[in-house]
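Peer 1: I'd like to go over a predicted model; first the sequence, then the structure.
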Amino acid sequence: MDIIVAEDHPVSAKLLEKILIRAGHRVHLAADGEEAWDILQKKEARILLTDWMMPRLDGLRLCRRVRETPSTSYVYIILLTARDATEDLLSGFEAGADDYIAKPVNPDELMARIRVGLRHLSMEDRHEKTLRQLMNTEKMASLGHLAAGMAHEINNPLSFLASNIRTLGKYTKEVQTFFTEYQGLAKEIEVKDTKTEHILQRMHALEASAEIAYILEDLTALVGESGEGIERIKKIVEDMRIFTHPGSQTPQLTDVRQCLSESLALAEKKFGKPLPVKKDLAELPLLSCYPGQLTQALFNICINGMQALDEKGELHIQSFRSDDHHIVIQIRDTGHGIAPEILPKIFDPFFTTKPAGKGTGLGLHVAYTLIQQHGGHIEVNSEPNKGSTFRIHLPADGVKIQKNSQSSPQKSQDGP
């Protein structure tokens, strides 16, 4: 295990290094928080042992920076401190430290706390693996539901493409026959001047019987319809590619409206009909995010809203900037609402009110987790028989993955 030790006292740093190397760990020494931060950007270290008081960047500010910065893996932080006052320890934990050890350091206690950290990281890795499996399960379930609707969507353009191609084949033969005979008559005109009038009459009759004008006009329409059908199929395939693609491993500047558009297009494929949606989407700055994941989260919430609607219900979708630091995507349905006793459970994994076999209970859980990994959160307001409102808050300055955050979703039972 790679461990970073941030300690500005050389003797203490060497002592800690010796203890950790003896236990089989790889140690990277840093004289202050800034140096530790630089090492953390270059090394795959999972444990950070940091002194409280250091020049340039102290332990508390280093903790906060680590927790506020996107990372592919969780870093376990142990704070070294000579302070033992309760308020000081609370400050350390609030800054993001997982544990602390008092100075002077006892080697046995240090190794015991390192082992606790390793167990924590092992559980964190298992949690991440399980979460990925859950997301894949939900995605596969969604794909299963989408398949029927998409088969219908693809079959429609395919059916008229097939019909158009058969008609085009028939027209091609008629046009070939027409031009073959027409060319023959033209040659006769060149050779037999005395029969010109009779041949011209035959040519006009041939042209009338072949309906060339109609064929040429219909050919244009057939080609246009076929092109539209191909574009529809391409769009369906592209929507599926976006949904099933694992997505970029790095954030991309993305238009939130594009993610909403793609999620609604997928939802339409699932239900096999246009959605009753009213949109009021503000023009927002491009957001640094994982577009595939954001699209999946929005898709799951839209599906949840659609399933709550009756025949005359609607979805109302808004996007706006709430302040200088957050943007909001609001998805409101006019459905039956969520019962107060159920509201606190809706983001729990496997929770569903559907009959057995009708739902995985993972859709909203996956949506909440994906938004949380973007540094955002979801608020839910619901009132029985009046509908529910999901407000997705995202940091305007981009992705801030906080994998250590296990807080409960923010829910409210106030009216929308």
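Peer 2: Noted; the coordinates are in hand. Numbers count the residues shown, from 1 in each chain.

Peer 1: Next one: residue 17 from residue 11, what distance?
Peer 2: 11 Å (CB to CB, to the nearest Å). Just so you know, the C-beta spots here come from the backbone N, C-alpha and C atoms, and that holds for glycine as well.

Peer 1: Residue 48 is in contact with residue 75, isn't it?
Peer 2: Yes: contact between residue 48 and residue 75 holds when scored by CB atoms under 8 Å: they sit 5.5 Å apart.

Peer 1: Which one's more surrounded, the two?
Peer 2: residue 48 (28 against 22; other CB atoms under 10 Å).

Peer 1: in the stretch 151-300 of the chain, which spans are strands?
Peer 2: 252-254, 277-281, 287-289 (DSSP state E, counting those that start in this stretch).

Peer 1: And the pLDDT at the residue nearest to residue 314 when sequence neighbours are not counted?
Peer 2: Once flanking residues are discounted, residue 314 sits nearest to residue 276: 4.5 Å by CB to CB, 6 or more residues apart in numbering. Looking at residue 276, its pLDDT is 88.

Peer 1: what does residue 342 give?
Peer 2: 87.

Peer 1: any low-confidence regions in the stretch 201-350 of the chain?
Peer 2: Scanning the stretch 201-350 of the chain for pLDDT under 70 picks out the ranges 203-204, 206-213, 235-249.

Peer 1: For the strand or helix carrying residue 88, which helices and strands make contact with it?
Peer 2: Residue 88 belongs to helix 86-95 when assigned by DSSP states H and E. Judged by 3 or more CB pairs under 8 Å, 6 or more residues apart in numbering; DSSP states H and E, helix 86-95 is in contact with helix 59-68, strand 76-81.

Peer 1: among those, which is nearest residue 215?
Peer 2: When these are compared by CB to CB, helix 59-68 sits nearest residue 215, at 68.4 Å.

Peer 1: Need phi/psi at the residue nearest to residue 390 when sequence neighbours are not counted.
Peer 2: In space, and not counting its chain neighbours, residue 390 is closest to residue 331: 4.7 Å by CB to CB, 6+ apart. Residue 331 adopts backbone torsions of phi -120, psi 110, taken as degrees, to the nearest 10.

Peer 1: Looks like residue 331 contacts residue 300 (just checking).
Peer 2: No: the pair residue 331 / residue 300 is not scored as a contact, 10.4 Å apart, by CB under 8 Å.

Peer 1: if we can go back for a sec, more neighbours, residue 17 and residue 11?
Peer 2: The neighbour comparison of residue 17 against residue 11 (other CB under 10 Å) goes to residue 17, with 18 against 8.

Peer 1: Quick check: the more buried one touching residue 29?
Peer 2: Yes: Residue 17 is within contact range of residue 29, at 6.0 Å (criterion: CB under 8 Å).

Peer 1: Is residue 38 within a helix or a strand, and which one?
Peer 2: If you go by DSSP H and E, residue 38 is part of helix 33-42.

Peer 1: Name the residues of that helix that are buried.
Peer 2: Neighbour counts over helix 33-42 (16 or more other CB atoms under 10 Å) mark 33, 34, 35, 36, 37, 39, 40 as buried.

Peer 1: Okay, angle between that helix and helix 59-68 too, please.
Peer 2: Orientation check (axes from the mean of the first three to the mean of the last three CA atoms, to 10 degrees): helix 33-42 against helix 59-68 gives 30 degrees.

Peer 1: Report the next helix or strand after helix 33-42 in sequence order.
Peer 2: Next element after helix 33-42 (DSSP H and E): strand 47-51.

Peer 1: Given that following strand, what are its sheet partners and their directions?
Peer 2: strand 2-6 (parallel), strand 76-81 (parallel) (DSSP bridges).

Peer 1: can you list the residues that contact the first one?
Peer 2: The one in question is strand 2-6. Applying CB atoms under 8 Å, 6 or more residues apart in numbering, the contact partners of strand 2-6 are 13, 16-17, 20, 25-33, 35-36, 39-40, 43-51, 54, 59, 62, 114.

Peer 1: What is the burial count for the closest residue to residue 335 other than its chain neighbours?
Peer 2: Nearest residue to residue 335, sequence neighbours excluded (CB to CB, 6+ apart): residue 308, at 3.0 Å. Neighbour count of residue 308, defined by other CB under 10 Å: 18.

Peer 1: show me the contacts for residue 308.
Peer 2: Counting by CB under 8 Å, 6+ apart, residue 308 has contacts 333, 335, 336, 337, 387, 388.

Peer 1: Residue 334 and residue 314 touch, don't they?
Peer 2: Yes: shown here, residue 334 and residue 314 form a contact pair, counting by CB under 8 Å, at 5.4 Å.

Peer 1: Number of residues surrounding residue 321?
Peer 2: 14.

Peer 1: Quick check: bridge partners of it?
Peer 2: As for beta bridges, residue 321 partners with residue 327 under DSSP bridges.
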